[in-house]
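[1] sequence first, predicted model second:
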Amino acid sequence: MSELPTTAVAADLAEPPRRGRGTAVFVLRTLGGGLMSIGLIVVLGFLLFRVLPGDPVTTMTRNRPGNPEQLARLRAEFGLDRPLPAQFVDYLADLARGDLGTSYVYSRPVTEIILGRLGPTVLLTGSALIVSVVLGLWLGSRAAWRHGSVFDRLATGTALVLWSVPTFWLGLLALMVFAVGLDLFPTGGMTSPGGVDGFLPAVLDVAHHLVLPCLTMVAVVYAQYLMVMRSSLLEEMSADYLTTARAKGLREDLVRRRHAVPNALLPTVTIIFLHVGLVVAGAVTVETVFSWPGLGLLTYQALAVPDIPLLQGTLIVLSVAVVLMNVLADLGYRLLDPRVRAS
C-alpha cells in the first residue's frame, strides 16, 4: 500500500476555520465604520453650527440691549471668547462625559431637554414604522402574487405617487382637509389644551392627535417596503420549490404565505433596519407641520434661534440613531443570509 500524504492531511487539520475569523473581521469593520461616521458627524456638526447667522449671546439676552461688560461676561461663561480649536477640545471633553452642554434659550442641560422630547418622537415614528411595514409587506406580497393585475397596477401606482410627494406638502394638505375643512382631527399638538382627566381618556386624546401625523409619515414611507417586497417575491415566484409545493396539492394562499413570502422577506428586513434611523431623522418635517412636541420640532425651533448646544445635541442623537440602524442592518443581513456568512 502506498503511504498516505500525512503532511498534507496534518496541514489541513491544523488550519483554523476561516468562517469565524471572517465574521469577526466583518463585525469589527462594520463597528469601526459606524464609529468613524459618528466621529465625522461630531466634527462637521461643531463646525457647521459655528457659521450659522446670529449671535448666541444676543440669543441668550432675548435680543435685549446690554452693556459690553455683561455681554463679555456671558461670552466668557459659555467659552465663546476662546479660539475655535479650544472650544472644540472642550466640546469633545464634555461629550466624553455625556454632557451635551446647556441650552441658550431654555437655560437647561441639553441632555435633559432631549430626553423630555424623545418619548413623543419614539411614539410617532414607532407607530408610523409599524403601520408602514405591515401595510407595505401585505400590499407588496399581494401585488407580486397578482402581477400585472388591476390590483398590482393600482397598489404600485398609488404608492409611487405618495412616495414622490413632499412630506410637508402632504402634511399641510391633510391639515387643510381633515383638520380645518372636516374638523375631524386637531390641528396640532399632542394633547388637548388644559389636558384630559383620567388615564383612558388621556390615552385616547393622544391617539386622536397622533392620527394625522402618523398617517402622513405612513403615506410616504410604506411605498419603499411595498416595492422591495414586490420585487423580492417576483424573483421567488419562478423558483422550483414553489412548483414542488404546488405539486403536493397546497393551495395558492398556503404556497404564498408558507413558502414564497418567508424567503422574500430577507431584503425587506434589511431595508426596515436601514429606514428606522431615516424615519426618525425625517420626523423633523412632520413634527414641525403638526406641532408635535418631539425632537423634530425641537430641532426646528433650535435652528430658528440658533441654539448651538441644542442643535449639536439633537444632531448627535438623530445621527447616532441612523448610524446604529445601518450597523444593525449590515450585521443582521450577514446573520440571516447563509450565502453572505459563507463568503
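    Structure's in. What do you need? Numbering: from 1, shown residues only.
[2] need the residues that contact stretch 326-335.
    23, 26-27, 30-31, 33-34, 266, 269-271, 273-274, 277, 340-341 (Cβ atoms under 8 Å, 6 or more residues apart in numbering). (C-beta placed from N, C-alpha, C; glycine too.)
[3] which of these are buried? Put it as a ChimeraX command.
    To isolate the buried ones among those in ChimeraX, judged by 16 or more other Cβ atoms under 10 Å, type:
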select :26,30,34,266,269,270,271,273,274,277
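[4] from the contacts of stretch 326-335, which ones fall inside helices?
    23, 26-27, 30-31, 33-34, 266, 269-271, 273-274, 277, 340-341 (DSSP state H).
[5] if we can go back for a sec, just the contacts of stretch 326-335 now: which is nearest residue 205?
    residue 277 (29.4 Å; Cβ to Cβ).
[6] can you pull the pLDDT of the closest one?
    If you check residue 277, the pLDDT there is 68.
[7] low-confidence regions, this protein specifically.
    Applying pLDDT under 70 to the chain flags the ranges 1-22, 52-67, 277-278, 281, 333, 336-343.
[8] go again with 80.
    1-23, 26, 48-82, 84, 194-196, 236-282, 304-306, 329-330, 332-343 (pLDDT under 80).
[9] in it, where's the longest helix?
    Every helix in the chain considered (DSSP H), the longest is helix 199-236.
[10] re the thing from before, which one of the ones in helices among the contacts of stretch 326-335 sits closest to residue 310?
    Nearest member of the ones in helices among the contacts of stretch 326-335 to residue 310, counting by Cβ to Cβ, is residue 277, at 20.2 Å.
[11] please identify which of the contacts of stretch 326-335 is nearest to residue 212.
    Distances from residue 212 to the contacts of stretch 326-335, taken by Cβ to Cβ, are shortest for residue 277, at 23.4 Å.
[12] OK, contacts around the closest residue to residue 282 other than its chain neighbours?
    Computed as Cβ to Cβ, 6 or more residues apart in numbering, the closest residue to residue 282 that is not its neighbour in sequence is residue 167, at 6.9 Å. Counting by Cβ under 8 Å, 6+ apart, residue 167 touches 216-217, 220, 282, 285-286.
[13] and for residue 153, the neighbour number?
    13 (other Cβ atoms under 10 Å).
[14] quickly find the element holding it.
    Per DSSP states H and E, residue 153 falls inside helix 150-164.
[15] for that helix, buried residues please.
    152, 155-156, 159, 162.
[16] contacts for stretch 118-129, please.
    Contacts for stretch 118-129 (Cβ under 8 Å, 6+ apart): 190, 206, 210, 213-214, 217-218, 221, 272, 275-276, 279-280, 283, 286-287, 292-296, 317.
[17] buried sites along it?
    Buried-residue list, stretch 118-129, by 16+ other Cβ under 10 Å: 120-121, 123-125, 127-129.
[18] I'd like to know how far residue 140 sits from residue 215.
    19 Å (Cβ to Cβ, to the nearest Å).
[19] quick one: secondary structure of residue 98?
    Secondary structure for residue 98, judged by DSSP: H, G, I helix; E, B strand; the rest coil, is coil.
[20] off-centre distance for the host helix or strand of residue 133?
    Element membership for residue 133 (DSSP H and E) is helix 110-145. Centre-to-centre, helix 110-145 and its host chain are 9 Å apart (Cα atoms, centre = their mean, to the nearest Å).
[21] could you check the angle helix 150-164 makes with it?
    Interaxial angle of helix 110-145 relative to helix 150-164 (axes from the mean of the first three to the mean of the last three Cα atoms, to 10 degrees): 150 degrees.
[22] begin at 3, not 1, for the rest of this chat.
    With 3 as the first residue, the last one maps to helix 112-147.
[23] please find the angle between the direction vectors of helix 112-147 and helix 201-238.
    Going by the same axes, to 10 degrees, helix 112-147 makes 50 degrees with helix 201-238.
[24] count of neighbours near the residue nearest to residue 248 when sequence neighbours are not counted?
    In space, and not counting its chain neighbours, residue 248 is closest to residue 257: 6.0 Å by Cβ to Cβ, 6+ apart. Residue 257 is flanked by 20 other residues according to other Cβ under 10 Å.
[25] OK, contacts around residue 144?
    Residue 144 neighbours (Cβ under 8 Å, 6+ apart): 153, 157.
[26] now do residue 298
    123, 285-290.
[27] change it to 7 Å
    For residue 298, the contacting residues are 123, 285-286, 288-290, by Cβ atoms under 7 Å, 6 or more residues apart in numbering.
[28] over to residue 278?
    Contacts of residue 278 (Cβ under 7 Å, 6+ apart): 131, 327.
[29] that one and residue 211, how far apart?
    23 Å.
[30] do residue 204 as well
    Taking Cβ to Cβ, one finds residue 204 at 11 Å from residue 211.
[31] next one: residue 35
    For residue 35, the distance to residue 211 - Cβ to Cβ - is 39 Å.
[32] next: residue 307.
    Taken as Cβ to Cβ, the span from residue 307 to residue 211 is 26 Å.
[33] which one of those two has more residues nearby?
    Legend: neighbour count by other Cβ under 10 Å for residue 307 and residue 211, higher for residue 211 (22 against 18).
[34] that one contacts residue 192, doesn't it?
    Yes: between residue 211 and residue 192 there is a contact under Cβ atoms under 7 Å: 5.3 Å.
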